[in-house]
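Asks: Let me see the structure of the following:
(2 chains, ligands or ions: 3)
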Amino acid sequence: MYAVNYAKPASVADAVAALSAAEDGKFLAGGMTLIPTLKQRLAAPSDLVDLGAIGELQGIGTDGDALVIGAMTTHADVARSPLVASAIPALVTVAGGIGDPQVRNVGTLGGSIANNDPAADYPGALLGLGAEVRTNSRTIAADDFFLGMFETALEDGELIVSVRFPKPLAAAYAKFANPASRYSMAGVFVARTASGVRVAVTGAAAGGAHRMETMEKALQADFSPAALDPITVNPNGLNSDLHGSAAYRANLVKVMAKRAVAACG
Amino acid sequence: MSTTVSLTVNGKPCTVEVEPRTLLSALLRDKLGLTGTHVGCDTSQCGACVVHVDGKSRKSCTTLAVQVDGAEVTTIEGLAAADGTLHPMQEAFRENHGLQCGFCTPGMVMSAVDLLHTNPSPTEAEVREWLEGNICRCTGYHNIVKAILDCAANLRGAQQAAE
Ligand SMILES: Cc1cc2nc3c(=O)[nH]c(=O)nc-3n(C[C@H](O)[C@H](O)[C@H](O)COP(=O)(O)OP(=O)(O)OC[C@H]3O[C@@H](n4cnc5c(N)ncnc54)[C@H](O)[C@@H]3O)c2cc1C
Ligand code: FES
Ligand code: FES
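Replies: Ligands and ions are numbered 1, 2, ... in the order given. The predicted structure follows:
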């Protein structure tokens, strides 16, 4: 790892100020993605601004019928939150299925979505639930937030404060995990909401998490696994690597989508 | 640039000079001589480096020392009693032959102790799932899982006897 400066501010305002004062700074959340990247010298920021001491970024609360989860909330805290389990149990499945226990003990919601790894789980959940990302300066709809592999709508120095997840009528997440890393080879998040069915796929496509309109239409007409039978997932644009071909992933997307629909009950 | 961090390591307070880029694993091994914490990969996947930070298991190879300034850290060296009596999890690994070369063992034991904190009666499936972040190249996991289940049963037995 290259030498780097380090600061641990206690408020959102100080963190944003510290980052804008830095020559080429980066926020540090759980570090489960950033530290391995630094160790491999794939990134060389001048400064790390550690978000670990900022109370405003912690915790799980409600806002009307929605859940609001702070950016620095760990996957383990989401997975064992009674509030999440009663409002949106599918999020327990998402957070509890990320990586391994030690990754879940420190990895955070904010870090996961800011990073937007094409195989990460949370981006699928945000798109599937029609969540909103709240930053230090604005609110961004999930549909406008994820812009492709490792790309998001965040401006330089913009800090994710929390995510607002509207409560669906029913939702479920089905993931086929890579047996080594546990990242999704195909993960499908299905939600029945007051404004219609939403289906989001993560892990399969090179461009990362995205909605699946053909499946949404089919499920809108008939919310059952069988409604997806006539749909063929197009392998164009899906990843093809040593873990599985594009055609294999296309099939996995359909199988996971059917499992998620079945799990919605 | 260097800075100081103050930690409690295995019950002993210590203040050490580090760089911001110093990993907790490097602090423990190189500065404090606690070489029981192993480093087996550079992809944060093997779990040989797992220690407890404020009671929770964490990969010390993927933690900056400065991030855990002020924290309580327990390493494999801190588990046994002062008189050398092994921790029940260490004893269970010994009894059940839960190790061969021993490289993964410190991380396995630290991870397993954390499991029993959160879930004192895990099923075999739960133990295997919990060990997702600990890779062993020797044992095939069978005796590791047996050791953890055995330790859980022993601790439950000891607790019942005490009640
Ligand atoms: C072995 C292993 C297995 C994993 N398996 C999975 C898996 O199965 N599924 C999955 O989804 N993920 C997986 N991950 C990734 C894990 O979920 C990480 O926790 C996550 O990607 C990053 O979160 P973090 O808190 O560690 O962020 P960091 O690594 O600290 O930061 C990641 C990036 O986000 C930026 N950032 C962090 N917080 C904010 C914020 N609040 N506002 C703006 N920018 C911010 C940082 O500057 C950095 O660029 C795995 C990781 C490991 C090491
Ligand atoms: S050395 Fe830490 S996970 Fe491998
Ligand atoms: S005993 Fe050799 S790696 Fe596990």
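Asks: drop to CA atoms for contacts and neighbour counts, all remaining ones
Replies: Noted.
Asks: How about the residues of chain B by chain A?
Replies: B:1, B:19-21, B:42-45, B:50, B:56-59, B:62-63, B:67, B:130-133 (CA under 8 Å from any CA of the partner chain).
Asks: Let's see that with 6 Å instead.
Replies: Within reach of chain A by CA under 6 Å from any CA of the partner chain, chain B has these residues: B:20, B:57-58, B:62, B:132-133.
Asks: Give the full set of residues in contact with the residue in the stretch 151-265 of chain A positioned nearest to ligand 1.
Replies: Taking CA to the nearest ligand atom, ligand 1 has its nearest neighbour within the stretch 151-265 of chain A at residue A:183, 3.3 Å off. Contacts for residue A:183 (CA atoms under 6 Å, 6 or more residues apart in numbering or on different chains) come out as A:119, A:177.
Asks: I figured residue A:152 hits residue A:146, correct?
Replies: Yes - between residue A:152 and residue A:146 a contact is recorded at 4.7 Å, counting by CA atoms under 6 Å.
Asks: In terms of neighbours, single out the busier of those two.
Replies: For residue A:152 versus residue A:146, neighbours defined as other CA atoms under 10 Å in any protein chain shown are more numerous around residue A:146 (27 against 16).
Asks: in the chain, which spans are helices?
Replies: This is for chain A. Along chain A, the segments classed as helices by DSSP state H run A:12-21, A:34-39, A:75-79, A:82-87, A:89-96, A:101-106, A:109-115, A:122-129, A:142-145, A:213-221, A:246-264.
Asks: nope, chain B
Replies: Applying DSSP H to chain B gives helices spanning B:24-26, B:88-95, B:105-118, B:124-130, B:142-162.
Asks: Format the ones you listed as TSV; extra columns: mean neighbour count and mean pLDDT.
Replies: Listed next are the helices of chain B as TSV, based on neighbours: other CA atoms under 10 Å in any protein chain shown; pLDDT from 0 to 100:
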stretch	mean neighbour count	mean pLDDT
helix B:24-26	24	98
helix B:88-95	20	98
helix B:105-118	23	97
helix B:124-130	14	97
helix B:142-162	17	94
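Asks: closest one to ligand 3 among these?
Replies: Nearest of the helices of chain B (CA to the nearest ligand atom): helix B:105-118, 5.9 Å.
Asks: Just the angle for the closest one relative to helix B:142-162, thanks.
Replies: Here the directions of helix B:105-118 and helix B:142-162 differ by 40 degrees (axes from the mean of the first three to the mean of the last three CA atoms, to 10 degrees).
Asks: now helix B:105-118 and helix B:88-95, what's the angle there?
Replies: Using the same axes, to 10 degrees: helix B:105-118 against helix B:88-95 is 130 degrees.
Asks: For residue B:83, which of the helices of chain A is the nearest?
Replies: helix A:101-106 (30.1 Å; CA to CA).
Asks: touching chain B at all, the closest one?
Replies: Yes - interface with chain B: helix A:101-106 contributes residue A:102 (CA under 6 Å from any CA).
Asks: Residues in contact with that helix: which ones?
Replies: Contacts with helix A:101-106, where a contact means CA under 6 Å, 6+ apart, come from A:30, A:74-76, B:57-58.
Asks: before we move on, what about stretch B:123-139?
Replies: When contacts are defined by CA under 6 Å, 6+ apart, stretch B:123-139 is touched by residues A:100, B:45-47, B:104.
Asks: same question, stretch A:127-147
Replies: Contacts to stretch A:127-147, defined as CA under 6 Å, 6+ apart, come from residues A:126, A:152-153, A:159-165, A:189-191, A:198-200.
Asks: which of these are buried?
Replies: By neighbour count, with 16 or more other CA atoms under 10 Å in any protein chain shown, the contacts of stretch A:127-147 hold A:126, A:152, A:159-165, A:189-191, A:198-200 as buried.
Asks: Show only the entries of these found in strands.
Replies: A:160-165, A:189-191, A:198-200 (DSSP state E).
Asks: beta partners for residue B:50?
Replies: Beta-bridge pairing for residue B:50 (DSSP bridges): residue B:59.
Asks: Is it in contact with residue B:108, as I believe?
Replies: No - the pair residue B:50 / residue B:108 is not scored as a contact, 7.7 Å apart, by CA under 6 Å.
Asks: Break chain B down into its structural domains.
Replies: B:3-78, B:88-162 (automatic domain parsing).
Asks: how about the shortest one, does it get close to ligand 2?
Replies: No - using CA under 6 Å from any ligand atom, domain B:88-162 stays clear of ligand 2, coming no nearer than 7.5 Å.
Asks: on that earlier part again, is it possible to export the ones in strands among the buried ones among the contacts of stretch A:127-147 to JSON lines including distance to chain B and pLDDT?
Replies: Formatted as JSON lines, these follow (distance: CA to the nearest CA, whole Å; pLDDT from 0 to 100):
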{"residue": "A:160", "distance to chain B": "20", "pLDDT": "98"}
{"residue": "A:161", "distance to chain B": "20", "pLDDT": "98"}
{"residue": "A:162", "distance to chain B": "21", "pLDDT": "98"}
{"residue": "A:163", "distance to chain B": "24", "pLDDT": "98"}
{"residue": "A:164", "distance to chain B": "28", "pLDDT": "98"}
{"residue": "A:165", "distance to chain B": "27", "pLDDT": "98"}
{"residue": "A:189", "distance to chain B": "22", "pLDDT": "98"}
{"residue": "A:190", "distance to chain B": "25", "pLDDT": "98"}
{"residue": "A:191", "distance to chain B": "27", "pLDDT": "98"}
{"residue": "A:198", "distance to chain B": "30", "pLDDT": "98"}
{"residue": "A:199", "distance to chain B": "28", "pLDDT": "98"}
{"residue": "A:200", "distance to chain B": "26", "pLDDT": "98"}
